[in-house]
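1. Please find the sequence and the predicted model below.
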Amino acid sequence: MTAFDQADTNLGRGYELGAVDFVFSPIVPAILRAKVTVFLELHKSQQELKRYRTQLQGLVQERTTALTAINRELEAFSYFVSHDLRAPLLSIDTIAQSLLDNPEVVSDGTNDQIMRLRRTSKQMMALFDGMQTLFRLTGGDIRRQKVDISRIATEIIAQFQAQEPKRQVDSRVEEGLTASGDAGLVRILLTNLISNAWKFTRDKPQPVITIGSERVAVETRLFVRDNGVGFDMIYAHKLFGAFQRLHSQSEFAGEGIGLAVAQRIVNRHGGRIWAEGAMGEGATVYFVL
């Protein structure tokens, strides 16, 4: 497009109408060269963007294909763990229990060995169950809704108290706690966190477990706090690793899977989870969904 009238008002009107690439007549060589250079560079940039977009789409497709294959392998491994490995352990446990139920076929001094065998098989089955739980948390949809944290926490504490009716624990649940999340996953999250607090306050003469919240800047942080054995913050980075333990099995039973499951659930919600504590002074696990 060419323009005969070079008045400023008409130039402005031309630009408003979209004629940004017109040239004057008669042609002004310097302006023509500048406009040609600009549009050649623009075309080159557009072609580069198109090429990068094509490459990116290819990379995304490759990653998607790879992730799909990995998920299939994880599902196959999960099935292998839950069936092919668990079944023999269950058979061993059943046979060991049968021997204990029939002392006449067991020689003297072997009862302790059989009981040790049962404990080991049960620990292995618990490990497999933990692995299966982690695998299940890698997929599926998150169904967000308003979740009553206070009610769920109160129910979980009541369940632990029913299992150990003689144990006196000062449980404090803040009223009106809510969060947006998948109700089923949030219950698993709270169960694991409260289970840890319940376990690690076992040797305290006056155990206290608190479920509450803190408002920091624009976010609400939920937490599970206890006055149990605590931990050294030097090892805080290990807490959420699968099968990581800061205490021996003889001190506190468990498979070291609870906090890994908790982290997986929080991550699937796009949130954050971390822990603070000190040796002998308890621990607090914070999370934001």
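-> It's in. Numbers count the residues shown, from 1 in each chain.

2. can you give me the strands in the stretch 151-289 of the chain?
-> Applying DSSP state E, counting those that start in this stretch to the stretch 151-289 of the chain gives strands spanning 170-173, 178-182, 208-216, 219-226, 272-277, 283-288.

3. And the stretch 1-150 of the chain, by the same measure?
-> Listed from the start of the chain, the stretch 1-150 of the chain has strands (DSSP E, counting those that start in this stretch) covering 2-3, 23-24, 144-148.

4. just checking, which of those strands comes out with the lowest mean pLDDT?
-> Within the strands of the stretch 1-150 of the chain, the stretch with the lowest mean pLDDT is strand 2-3, showing a mean of 52.

5. Let me know how buried the closest residue to T191 other than its chain neighbours is, in neighbour terms.
-> Nearest residue to T191, sequence neighbours excluded (CB to CB, 6 or more residues apart in numbering): I156, at 5.4 Å. Heads up, the C-betas are built off the backbone N, CA and C, glycines and all. Using other CB atoms under 10 Å, I156 has 21 neighbouring residues.

6. unless I'm mixing things up, I156 is touching N192, no?
-> No - using CB atoms under 8 Å, I156 is not in contact with N192, being 9.7 Å away.

7. Please name the residues that touch the closest residue to G277 other than its chain neighbours.
-> Once flanking residues are discounted, G277 sits nearest to A283: 3.4 Å by CB to CB, 6+ apart. Contacts of A283 were listed using CB atoms under 8 Å, 6 or more residues apart in numbering, and they are A197, F200, R225, D226, G228, G230, F231, A275, E276, G277.

8. residues touching the first one, list them.
-> With CB under 8 Å, 6+ apart as the criterion, the residues that contact A197 are I209, V224, R225, D226, G228, A283.

9. The same query, at a cut-off of 10 Å, please.
-> Each residue near A197 by CB atoms under 10 Å, 6 or more residues apart in numbering is listed here: 157, 160, 169, 171, 207-211, 224-228, 282-285.

10. re the thing from before, wait, which of the contacts of A283 is closest to D141?
-> Distances from D141 to these, taken as CB to CB, are shortest for A275 (28.1 Å).

11. so the closest one touches V266, yeah?
-> No - contact between A275 and V266 fails when scored by CB atoms under 10 Å: they sit 11.9 Å apart.

12. Give me the common contacts of the two.
-> Each of F240, F287 lies in contact with both A275 and V266 under the rule CB under 10 Å, 6+ apart.

13. give the contact list for E155.
-> When contacts are counted by CB under 10 Å, 6+ apart, E155 touches D148, R187, L190, T191.

14. Can you check what pLDDT the model gives it?
-> In the prediction, the pLDDT value recorded for E155 is 95.

15. Check the spacing between it and I149 real quick.
-> From E155 across to I149, the span is 11 Å (CB to CB, to the nearest Å).

16. got any residues that touch both of the two?
-> Between them, E155 and I149 have R187, L190 as joint contacts when contacts are counted by CB under 10 Å, 6+ apart.

17. Closest one to V218 out of the contacts of A283, please.
-> Distance from V218 was checked for each of the contacts of A283 by CB to CB. The minimum falls on E276, at 20.5 Å.

18. Tell me how many other residues surround the closest one.
-> Burial measure for E276: 15 neighbouring residues, criterion other CB under 10 Å.
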